[in-house]
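Asker: Please find the sequence and the predicted model below.
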Amino acid sequence: EKVLEVKEEVKPEEPVAETKPAEAVSVSPNLKYQIKGGAVTITGCDRKASGTLTISAVIEGKPVTSIGRAAFSLCTSLTGITIPDGVTSIGIYAFRDCTSLTRITIPDSVTSIGEAAFHSCSSLTSIEVGAGNVNYTGVNGVLFNKEKTTLYTYPRGKTGANYTIPDSVTSIGKSAFDGCNSLTSITIPDSVTSIEKYAFHNCPNLTSITIPDSVTSIGAVAFRNCTSLTSITIPDSITSIGDSAFDGCNSLTSITIGNGVTSIGYGVFYSCTRLTSITIPDSVTSIGDTAFAGTALTGIIIPDSVTSIGEYAFSNCN
């Protein structure tokens, strides 16, 4: 009897289940997963899957607690996904390029949503959040933290040309409006202090946006390829402009840089092909590599305050 008890306690199946690769196991509808620490992480899905996918709450008798990095990336025929209660984590790029996904509900159990989880979901019109979720909330389909101080995701497929960010928001999150083709005007309230990287990246129809004096930082690539933006005023409150912040904004003809800016980063105005003139304030001490490369500048006055100019800063200013 003692020998039998030892055999039952040290089952050969257990370590195998703990370490088996994601590619080796799947469940209907062709989900791939890993089991670790007594919990299941969804790691992938058959790209041929279509329609509405329901993720089981339990697989092999163990709870599903996580949707891994890029787990559903490029499942382009999926129109809907049901995430079970018990999932606490949704990884970075989890639903990237799910171009047929129209809406998704975040259950109460989710405490963490990775950066750009819904990147390039061009048909996504609404992100809904369970009423009992203590970390996130949805307002008219837009994803915020519970306190509504950070705007995380404006669904790319949401209709409407104009959007006013609520007064409670202090931070516009990473990739928050990335690829929102329908928006032509966004109103940023005075409560906002930071615009994170990629915040308005690839908003090709955005013609009007005002950055309030409350904002102290603009993240890298924040307005890259906003090809309809014609003018921008950077207030005195901002001290630095992130790398490639206005790269490819080829309709920009007027840019005002505030007196608080001390550095113009790498490629900030790269390929702003209609930019013919700009005034650099005395507060600026450095100009980064390719900062004004590919613009239409006919002349520029560099103040005495500038102590360093990066490589190719004014390359191809034809």
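Answerer: Right, received. Where do you want to start? Numbers count the residues shown, from 1 in each chain.
Asker: Is residue 94 in contact with residue 74, as I believe?
Answerer: No: assessed by Cβ atoms under 8 Å, residue 94 is found out of contact with residue 74, at 11.8 Å. C-beta coordinates here come from the backbone N, C-alpha and C atoms, glycine included.
Asker: These two: which is more packed in?
Answerer: Between residue 94 and residue 74, residue 94 has the larger neighbour count (other Cβ atoms under 10 Å), namely 25 against 13.
Asker: is it true that the more buried one lies in a helix?
Answerer: No: counting by DSSP: H, G, I helix; E, B strand; the rest coil, residue 94 falls outside a helix, being coil.
Asker: Stretch 123-135 - what's its average pLDDT?
Answerer: Averaged across stretch 123-135, pLDDT comes to 96.
Asker: First residue to last residue on that stretch, what's the distance there?
Answerer: End-to-end distance for stretch 123-135, by Cα to Cα, to the nearest Å: 25 Å.
Asker: Now do it: distance to the chain's middle.
Answerer: 16 Å (Cα atoms, centre = their mean, to the nearest Å).
Asker: Stretch 171-178 now?
Answerer: 6 Å.
Asker: Go ahead and confirm residue 164 touches residue 187.
Answerer: Yes: between residue 164 and residue 187 a contact is recorded at 4.3 Å, counting by Cβ under 8 Å.
Asker: For residue 52, give me its contacts.
Answerer: Each residue near residue 52 by Cβ atoms under 8 Å, 6 or more residues apart in numbering is listed here: 78-82.
Asker: tell me the secondary structure for it?
Answerer: With three-state DSSP as the basis, residue 52 sits in strand.
Asker: what do you get for residue 175?
Answerer: With three-state DSSP as the basis, residue 175 sits in coil.
Asker: can you check residue 66 too?
Answerer: strand.
Asker: Would you quantify the distance from it to residue 74?
Answerer: Per Cβ to Cβ, to the nearest Å, residue 66 is found 20 Å from residue 74.
Asker: What of residue 34?
Answerer: Residue 34 is 19 Å from residue 74, by Cβ to Cβ.
Asker: Could you do residue 173 as well?
Answerer: Distance from residue 173 to residue 74, by Cβ to Cβ: 23 Å.
Asker: Pull out the buried positions in stretch 294-301.
Answerer: For stretch 294-301, the neighbour count (16 or more other Cβ atoms under 10 Å) marks 294-295, 297 as buried.
Asker: now the residues you listed as TSV including pLDDT, distance to residue 60 and secondary structure?
Answerer: Compiled in TSV, the buried residues of stretch 294-301 are given as follows (pLDDT from 0 to 100; distance: Cβ to Cβ, whole Å; DSSP: H, G, I helix; E, B strand; the rest coil):
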residue	pLDDT	distance to residue 60	secondary structure
294	96	55	coil
295	96	59	coil
297	93	63	coil
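Asker: now the residues you listed in a markdown table, with distance to residue 255?
Answerer: Shown next, in a markdown table, are these (distance: Cβ to Cβ, whole Å):
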| residue | distance to residue 255 |
| --- | --- |
| 294 | 15 |
| 295 | 10 |
| 297 | 11 |
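Asker: Quickly name whichever of those is closest to residue 119.
Answerer: Of all those, residue 294 has the smallest distance to residue 119: 26.5 Å, by Cβ to Cβ.
Asker: need the contact list for the closest residue in space to that closest one that isn't next to it in sequence.
Answerer: Leaving aside its chain neighbours, residue 294 sits nearest to residue 271 (4.1 Å; criterion: Cβ to Cβ, 6 or more residues apart in numbering). Applying Cβ under 8 Å, 6+ apart to residue 271 gives the contacts 247-248, 250, 293-295.
Asker: any idea which element residue 271 lies in?
Answerer: Assigned by DSSP states H and E, residue 271 belongs to neither a helix nor a strand.
Asker: Can you check the pLDDT for it?
Answerer: Residue-level pLDDT assigned to residue 271 equals 96.
Asker: for residue 61, same thing?
Answerer: Residue 61 carries a pLDDT value of 94.
Asker: Show the pLDDT at residue 17.
Answerer: With respect to pLDDT, residue 17 scores 41.
Asker: no no, residue 14
Answerer: For residue 14, the model assigns a pLDDT of 43.
Asker: for residue 5, same thing?
Answerer: pLDDT recorded at residue 5 is 38.
Asker: Strands of the stretch 201-318 of the chain, residue ranges please.
Answerer: Along the stretch 201-318 of the chain, counting by DSSP state E, counting those that start in this stretch, strands occupy 208-210, 217-218, 231-234, 240-241, 254-257, 263-264, 286-287, 308-309.
Asker: How about the stretch 1-150 of the chain?
Answerer: Under DSSP E, counting those that start in this stretch, the stretch 1-150 of the chain gives strands at 26-27, 31-36, 39-45, 50-54, 58-59, 62-67, 77-82, 89-90, 103-106, 112-113, 126-129, 136-139, 142-145, 150-153.
Asker: Just send those strands back as TSV, with distance to residue 193 too.
Answerer: Listed next are these as TSV, based on distance: least, Cβ to Cβ, whole Å:
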stretch	distance to residue 193
strand 26-27	45
strand 31-36	39
strand 39-45	35
strand 50-54	39
strand 58-59	43
strand 62-67	31
strand 77-82	34
strand 89-90	26
strand 103-106	26
strand 112-113	22
strand 126-129	24
strand 136-139	20
strand 142-145	15
strand 150-153	11
